[in-house]
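# build the 3D model from these lines:
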Amino acid sequence: MAVNLEYYRIFLEVAGQGNISRAAVSLNLSQPTVTKELKMLEQQLGLALFVRKARGVELTVEGRFLYDRICGPFSEIEKAESELDSMKKLDTGTVNVCFTSFNFLVDFITVIKEFKSIHPNVNVYTSVIHSGNVNESLSRGNVDIVFSSISAYPEDDPAENSRQIFTNPMLNKYNRFVPYPENVNINISELNDICITKKELADKLTDSCFIKDLGEFPFLISRCYFDCYDSLIGCPATERPRDIFMGETKSIFSVLKNEDYIAIVPKLSYMLSDLYGCFSEIAIKDKLFTTTQWLSYSKKKPLSIAAREFLHFVLEHRLFKDHFMV
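Predicted coordinates for the structure are as follows:
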């Protein structure tokens with residue numbers, strides 16, 4: 001027996017009010033409509049649910065039994081409907097975002113803050129995972145979206161980047177990203193690293209030079225350059241005690257703001273920084289790493305409304321509009 005749920009909603013309201021007229025007002029229905037649909041419910045069940053009184057209605061024994069059995073579940077239905085409406089309006093919601101690079105997570109906080117300023121009631125949870133666990137995490141539904149960061153030399157020189165090849169299962173021997181076919185994979189940024197320094201220091205330098213020509217100045221260098229430091233700088237690190245390898249680009253910018261250093265950093269990290277525009281870029285002739293950011297989400301696990309909105313926000317962000325999919 002398939003009974004229209006709306007009949008039960010009307011039944012519960014009338015039972016709670018004890019009066020058909022008041023229930024009709026509460027339901028925003030006419031009294032004849034409420035009376036008619038109550039009769040339809042009684043006909044389908046084959047039972048009288050109310051006794052009509054002079055000042056209203058009273059539940060029969062069977063009506064009381066029905067009320068006690070469906071009142072709780074119907075409250076849960078109404079609660080679920082209300083929560084779904086909040087999700088639809090983005091008054092609530094959760095997005096689980098993972099990063100294969102803690103450094104990029106720190107940089108990306110700027111974008112998350114921009115999203116939260118628009119949707120303050122949506123919770124964005126972040127974490128860091130190993131690149132080898134990306135596919136498993138997405139397929140299990142543990143995360144909604146993964147950002148994978150890859151710093152590598154151009155593909156025409158794979159020998160220069162053996163360390164990256166062996167530590168990052170998302171790269172093949174030519175440093176090309178190897179997408180998992182189970183996921184949607186979007187390249188949101190692919191930029192060469194840059195050399196930056198204080199504006200007053202940059203004014204003293206030549207227009208275009210090799211990094212080796214800047215040897216009189218100390219360097220702040222991302223750790224991904226550790227294996228190629230000697231060839232890039234022109235001497236072993238032991239001969240340059242003032243040079244510093246740093247993991248977080250945010251820390252590099254903080255030091256650079258107060259000290260006369262030259263920094264080698266991913267360009268996107270600088271563009272996401274609060275200090276963007278405070279430093280000058282040095283034109284150099286050296287070949288630096290290309291830092292690529294990939295965004296992935298599962299083809300099999302549907303994204304929530306909040307996660308879809310976050311995805312749309314990222315792909316329409318001013319820094320990531322020129323993306324492409326593989």
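
# show me what contacts the closest residue to L90 other than its chain neighbours?
Nearest residue to L90 in three dimensions, chain neighbours excluded: H119, at 4.9 Å (Cβ to Cβ, 6 or more residues apart in numbering). Where you see a C-beta, it was placed from the backbone N, CA and C, and this is true even at glycine. Taking Cβ atoms under 8 Å, 6 or more residues apart in numbering as the criterion, H119 is in contact with L90, G93, A306, E309.

# just to check, the third one is in contact with T94?
Yes - using Cβ atoms under 8 Å, A306 is in contact with T94, at 6.2 Å.

# tell me the buried residues in the helix or strand that contains P73?
Element membership of P73, judged by DSSP states H and E, is helix 61-88. By neighbour count with 16 or more other Cβ atoms under 10 Å, helix 61-88 contains the buried residues G63, L66, Y67, I70, F74, M87.

# again with stretch 40-54
L41, E42, L45, L49, F50.

# would you point out the most distant pair within those residues?
The largest separation in the buried residues of stretch 40-54, counting by Cβ to Cβ, is between L45 and F50 at 12.0 Å.

# before we move on, the earlier item: for the helix holding P73, what is the average pLDDT?
For helix 61-88, mean pLDDT rounds to 86.

# remind me what that helix packs against, helices and strands.
helix 5-17, helix 305-315 (3 or more Cβ pairs under 8 Å, 6 or more residues apart in numbering; DSSP states H and E).

# not counting its neighbours along the chain, what's nearest M40?
Spatially, and ignoring its direct neighbours in sequence, M40 is nearest to Y7 (6.2 Å; Cβ to Cβ, 6+ apart).

# my read: that neighbour touches L41, true?
Yes - counting by Cβ under 8 Å, L41 is a contact partner of Y7 at 4.0 Å.

# where in this protein is pLDDT low?
Along the chain, segments meeting pLDDT under 70 span 1-2, 153-179, 206, 323-326.

# before we move on, back to that, distance to G16 and neighbour count for the contacts of H119 - can I get that in TSV?
TSV is the format used below for the contacts of H119 (distance: Cβ to Cβ, whole Å; neighbours: other Cβ atoms under 10 Å):
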residue	distance to G16	neighbour count
L90	32	16
G93	32	21
A306	34	22
E309	37	18
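
# max pairwise distance over these: which two?
Pairwise over the contacts of H119, using Cβ to Cβ, the maximum falls at G93 and E309, 7.8 Å.

# okay, and the common contacts of those two?
What both G93 and E309 touch, as defined by Cβ under 8 Å, 6+ apart, is the set H119, V122.

# thinking again about what came up before, out of the buried residues of stretch 40-54, which are inside helices?
L41, E42, L45 (DSSP state H).

# who's in contact with the second one?
Translated: E42. Contacts of E42 by Cβ under 8 Å, 6+ apart are A48, L49.

# if I look at it, how far off is T100?
62 Å (Cβ to Cβ, to the nearest Å).

# for the last one, same thing?
According to Cβ to Cβ, L45 and T100 sit 59 Å apart.

# do the same with the first one
Using Cβ to Cβ, one obtains 57 Å as the distance from L41 to T100.

# and if you look at K36?
Applying Cβ to Cβ to K36 and T100 gives a distance of 62 Å.

# out of the two, name the residue with the larger neighbour count.
Set K36 next to T100 and count neighbours by other Cβ atoms under 10 Å: T100 wins out with 23 against 12.

# correct me, but the more buried one touches V128?
Yes - contact status for T100 versus V128: in contact at 7.2 Å, counting by Cβ under 8 Å.

# list the contacts of E37.
E6, Y7, I10.

# number of residues surrounding the last one?
The reference is to I10. So I10, with other Cβ under 10 Å, has 24 neighbours.

# what's the one helix or strand F108 maps to in contact with?
Secondary structure assignment for F108, by DSSP H and E: helix 102-118. Under the criterion Cβ under 8 Å, 6+ apart, residues 97, 99, 122, 124, 126, 128, 147, 149, 222, 247-250, 268-269, 272-274, 293, 310, 313-314, 317, 319 lie in contact with helix 102-118.
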